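Visitor: quick one, structure for this:
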Amino acid sequence: MVGHIVKVRFAILILSIGIAATYFYAGISAFRHPEAWMGFLPQFLRDNPLSTGILQGFAAFEMALAVWLISGIRTVLASVASIILIAAMIVVNPGGVTATFQYISIAFSSLTLAVLAR
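Guide: Numbering: from 1, shown residues only. Modelled structure (predicted):
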């Protein structure tokens, strides 16, 4: 029984790190190279004169979510927030189909994390 609990906790840690790494990478890269990430914003946000600030705000949110996931605090809620974020990204920017396949793996990893952390 103890071995099973250790395996589940290890799986939770690995999933948390993997999902968080994705958000950290995207957030840091969006700050360093906003022009490369502008295409991921929906057109109505790209047309906004504050688009760079919006992108940086979103990047900060992604990095905060990454910290939350790694912290182990209320992991289920952090995982659900990740799922909602990914779903919103797909719904708000359906034209970004090239990234959708990546979003699916993040969403299902987040769902698995939520189930294991319950």
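Visitor: in which helix or strand does the spatially closest residue to residue 60 that is not a sequence neighbour reside?
Guide: Leaving out its chain neighbours, the residue that sits closest to residue 60 by C-beta to C-beta, 6 or more residues apart in numbering is residue 27, at 6.8 Å. No exception for glycine: its C-beta is placed from N, CA and C like everyone else's. Here residue 27 sits within helix 2-32, counting by DSSP states H and E.
Visitor: in the helix or strand just after that helix, which of the residues would be classed as buried?
Guide: Going down the chain from helix 2-32, the next helix or strand is helix 34-37, by DSSP H and E. Buried residues in helix 34-37, counted by 16 or more other C-beta atoms under 10 Å: 34, 37.
Visitor: let me see the mean pLDDT of helix 34-37.
Guide: Averaged across helix 34-37, pLDDT comes to 92.
Visitor: can you give me the buried ones in the next helix or strand along the chain from that helix?
Guide: Later in the chain than helix 34-37, the nearest helix or strand by DSSP H and E is helix 43-46. The neighbour-count check on helix 43-46 (16+ other C-beta under 10 Å) flags residue 45 as buried.
Visitor: please work out which residues outside helix 43-46 touch it.
Guide: 38, 39, 51, 54, 95 (C-beta atoms under 8 Å, 6 or more residues apart in numbering).
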